[in-house]
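**Q** Just to be clear, the model below is a prediction. Sequence and coordinates:
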Amino acid sequence: MYSNLWLIPFFPLVGAIFNGLFGKKIKNEAAIGGIATGLMFLSFLVATQNLFKLIGDTEKVHELVMASWINVGNFQLNWEFLLDPLSAVMIMVVTGVGTLIHLYSIGYMHGEEGYYRFFSYMNLFAFAMLMLVLGGNALVMFIGWEGVGLCSYLLIGYYYEKKSASTAANKAFIVNRVGDFGFLCGLLTLFWALADKGVWTLNFVKIAESGHLLESGGLLITVVTLCFFLGATGKSAQIPLFTWLPDAMEGPTPVSALIHAATMVTAGVYMIARMNGLFAMAPATMMTIAIVGGLTAFFAATIGLAQNDIKRVLAYSTVSQLGYMFLAMGVGAFSAGIFHLMTHAFFKACLFLGSGSVIHGLHHAYHHAHLHDDPQDMRNMGGLRKKMPITFITFLVSTIAISGIPLFSGFFSKDEILWWSFGSTRGHWMLWVLGAAAAGMTAFYMFRLVFMTFFGEQKTAARAKDHIPESPFTITIPLMVLGFFAVVGGYIGVPKILGGVNRFDAFLAPVFEQAQHLNEIHAHGTHATEYTLMAISVAIAIVGIFTAWVMYIKNPELPGQFVAKFASAHKVIFNKWYIDELYDFLFVNPCKKIGTFLWRGIDVKIVDGVVNGCAWVVKGIGTGLRYTQSGYLYNYAVAMVIGAVVIVGYFIF
Amino acid sequence: MITVNHYMLLSAILFSIGTFGVLTRKNAIVIFMCIEVMLNSVNLTFIAVSRHVGNMDGQIFVFFVMTVAAAEAAVGLALMIAFFRNSDSIDVDDFNMLKW
C-alpha cells in the first residue's frame, strides 16, 4: 500500500550520485540544477501522494521493511521506513521546502565554482534528512542523523578556501559530535534497558509499545531521555551547544535556509517527538527541556537585538525559535511544537532566502561598482523596498509571521506553545514569561532588520546604489511560494477557542495522545485566561514592533544614544554574552593544552623517543661491528679457521 | 706396514700446509692452490677411511668433491681474471673493496 515510500529518499540519492560523478563533466548549470531540483520535486510528489493516502486511511501507522540488516539471536534489525502523521509532516516540509530551495539555488549559485558540488551535497543532504525522518528504527534514524551532520559540514565549508568557512565547518562538526555522543549513549542505554526486560528492539513502534516496561519517572528513563536530549541540543543548537549555528552562516545562503533553519536543526525536535512516549515518562527530563528551551529562546533573542550582519540576526532568531519548539516539547505540547516547526520552516526559509536575495543584489551592485563592502552588513543597506519589491513584500510577510501578529502563521503556532507553557500540567508561568519576553524581542529585532534593510535612506555606497537589481525568477518564485505559506500555513491549526477545529492537532493525535493521556499531560485553564494570555503576547509583539519603528524609522539617532547609555550591556549582548570566549576558556583551550602536552610531552618525547632510541641502538651496534669488516681476505680466512677450530673443539671436548 | 693412521697423518699435514698457505700467502693463485691442497687432503682421508672400513660411500663422495672443486676452480679463475683486468694485480691485499 505504501510500498513506494522508499522512493522518497531514493530520488535525492540518485541526484547526489549523478551530480557528484558526472556534474564536473556536464558543466551546464541548467542541467545540473534542473536534475537536482527535478528529483527533489519527484520526491515531493511521492511524499504528497503518501500524505493524502495517509489522511484518507484509518490506520495511521505504517511500516515498510526493505531488507534485513542485523540479525543476531533475539535481536532483529531491518532497513525499514515508518510512515505516520509525524513523519508525513516532516517529509512534506523537507521535500516541499527542499524543492523550493533547490530551485532558488539555481539562480543564487549561478556562476559559482563547484556548482555541481553544491547540488550534489544538497541532494545528499535531502537524502540523509529523509532517512532521518522516515527511519523506522533508531539506527536508520542515526544514519540520517550523522548524514545530515556530514552534509552540514560539507556545505558550511563550501567556500573551503576561506579560512573562516572551514573553521566554522569544523566547529559545527565538532560541536555536533558532542551531541551525537549523547544520542548514541541514549540509544545504547535504552537498548540495554529494554533488553533487560526481555525486549530486544530498536524499532520505534516497538519502543513505544514497550516503554511502559521501564519505571515511569525512574532514574533509568531519565538518564536515557537526558542523553537523547543532549543529542538534540547538539543538532538543534540549544544551550549549551548552540554556538555552532551562528558561525554556520559562512555557508551559502540557500544552505542556511534549508539546513540551518528549515530542516536539519529541527531534527532534535523531531527526535523528541518521535520518542514522546519515553520523554513523557520522565518529568525531570521534560522540565529540563522546557527550561533549556525557554532560556535558549530568551538568550538567543537578546543576542539578536544587537547584531549587524543580516544572516547572523536570522541565525540567532533561528536558535531562539528552536528554543520555542523545545519549550513546547518540554511542556508536553508535542503537536504544537511540530506545528511551530512547520510554520517556522516556511517563514524562516523565506526570510533566509529573502536575505539571500538582498545579499545577491548588493553583491551584484558592489561587483558592478568594483567595491569590496560587506554585502551582509545591514548598516550598508536601507531603502531597498523600492529596488526589490518582491523580496521586500515576502520578507515583510514572513517577518510579521515570525513576530506573532494575528492571522499570520507564526501567531497560531507560537500562541499555542505559549498557552501550553502556561497552562500545561508540565508548564509553569515562568516559562510563559520567558517565552513571551522572547516573543517581544523577536518582534523588535526582526522589524529592526526590516527597517534597517528595506526602509529609510539608502546607505549603500553611492557608486553602487543605482545598480541593485531585483533578483531573477528562480529566486523570487520560491520567495513568493514560501511567503504565501508563511501567511496561510497556520490555518490548518487554528485553535478551538478562535473558532477553528485544529486539524493539525487532530492529524498528529494518533502519535501523541497515548503518551499525553498516560502521563496526564494536558493544558488546563479557563477560556478567559487563554484569551488574556493571547492578548498579552500580541500586545508584547506590537510593543516590540513599535519600539523598532521609533528607534529605526522615526528617530534614527535613538539607537546610538541608547547604545552609549547602556554601553556595557550592549557590549555584552553584541559579543553574544561572551559564550564563545567562555567555551574557549573552559573547553577549547584546555583541550588544546592537553593536545599540545600529548604532542610535545608524550608523542615527541616518549613515543618518538622509543622509536628513535631503537634506531640509535641498532646504529651504534652497527658502527661498532663494521670495524670487523676489514675487507682483507686473510682476516676472514683467519676468522673462519678460528671458528672451525672452536666448533670442532666444542664437539670433540 | 703403512696403516690408515699414516694416511690420516699425511692428510693432516697436507691440510695444515694448505691452511697455513691460505692464511699467509698474498698471491691469489697460490691461495687457490692451497685450497686445492686442503680439498685433496680431505679426499685422501675419505679414500683411506673408506678402504679401512670397507664402505664405498667415501670414495663416491670424493667424486663429488672433485667435481665441485673443478667448478670452483673455473669460477675462481674467472673471478681472478676479472679482478686482474680491473686492478692489474692478483695480490689479495688489493682485494679490499668489500668493507665499510
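**A** Yep, it's here. Residues are numbered from 1 along each chain as shown, chains lettered A, B, ... in the order given.
**Q** what's the helix or strand hosting A:Asn50 packed up against?
**A** Per DSSP states H and E: A:Asn50 is located in helix A:29-55. If you count contacts as 3 or more CB pairs under 8 Å, 6 or more residues apart in numbering or on different chains; DSSP states H and E, helix A:29-55 packs onto helix A:7-26, helix A:85-108, helix A:115-134. All C-beta atoms are positioned from the backbone trio N, CA, C, and that covers glycine.
**Q** Residues contacting the first one, please?
**A** What it means is helix A:7-26. A:32, A:35-36, A:39-40, A:42-43, A:46-47, A:50, A:91, A:95, A:98, A:115-117, A:119-121, A:123-124, A:126-127, A:130-131, A:134 (CB atoms under 8 Å, 6 or more residues apart in numbering or on different chains).
**Q** one step back: A:Glu513: which of the helices and strands packed on helix A:29-55 is closest?
**A** Closest of these to A:Glu513 is helix A:85-108, at 11.1 Å (criterion: CB to CB).
**Q** Now do the buried residues in the helix holding A:Asn50.
**A** A:29, A:32-33, A:35-37, A:39-44, A:46-47, A:50-51, A:54 (16 or more other CB atoms under 10 Å in any protein chain shown).
**Q** I'd like to know the phi and psi angles of the closest residue to A:Thr453 other than its chain neighbours, please.
**A** Distance criterion CB to CB, 6 or more residues apart in numbering or on different chains; nearest residue to A:Thr453, sequence neighbours excluded, is A:Met381 at 4.5 Å. In terms of degrees, to the nearest 10, the main-chain angles of A:Met381 are phi -110, psi -140.
**Q** tell me the contacts of A:Met381?
**A** By CB under 8 Å, 6+ apart, the contact list for A:Met381 reads A:310, A:358, A:362, A:452-454, A:458-460.
**Q** And the residue of chain A that's closest to chain B?
**A** A:Gly631 (3.0 Å; CB to the nearest CB).
**Q** circling back: distance check, the residue nearest to A:Thr453 against A:Leu202.
**A** Between A:Met381 and A:Leu202 the computed distance is 50 Å (CB to CB, to the nearest Å).
**Q** Quick check, pLDDT for A:Ala60.
**A** Slight slip there: residue A:60 is Lys, not Ala. As predicted, A:Lys60 sits at a pLDDT of 89.
**Q** do A:Asn4 as well
**A** With respect to pLDDT, A:Asn4 scores 89.
**Q** same thing with B:Trp100?
**A** At B:Trp100, pLDDT is 54.
**Q** Check A:Ile272 too.
**A** The model reports A:Ile272 with a pLDDT of 94.
**Q** Is it within a helix or a strand, and which one?
**A** Per DSSP H and E: A:Ile272 is located in helix A:267-274.
**Q** Over to A:Glu113?
**A** Going by DSSP H and E, A:Glu113 is not part of any helix or strand.
**Q** Ramachandran coordinates for it?
**A** Main-chain torsions, A:Glu113, degrees, to the nearest 10: phi -70, psi 140.
**Q** ok, it - how many residues close by?
**A** Neighbour count of A:Glu113, defined by other CB atoms under 10 Å in any protein chain shown: 10.
**Q** what do you get for the one 3 residues further on?
**A** Other residues near A:Tyr116 come to 24 when the count uses other CB under 10 Å.
**Q** Contacts only, for it.
**A** Applying CB under 8 Å, 6+ apart, we find A:Tyr116 in contact with A:19-20, A:23-24, A:26, A:32.
**Q** For burial, what's the neighbour tally of residue 89?
**A** Picking chain A for this. Using other CB under 10 Å: A:Val89 sits among 24 other residues.
**Q** that's the wrong chain, I wanted chain B
**A** B:Ser89 - counted by other CB under 10 Å - has 14 other residues nearby.
**Q** Just to be sure, it is in a strand?
**A** No - with DSSP: H, G, I helix; E, B strand; the rest coil as the criterion, B:Ser89 is located in coil rather than a strand.
**Q** ok, it - contacts?
**A** Counting by CB under 8 Å, 6+ apart, B:Ser89 touches B:Phe83.
**Q** So for it, what pLDDT did the model give?
**A** Looking at B:Ser89, its pLDDT stands at 86.
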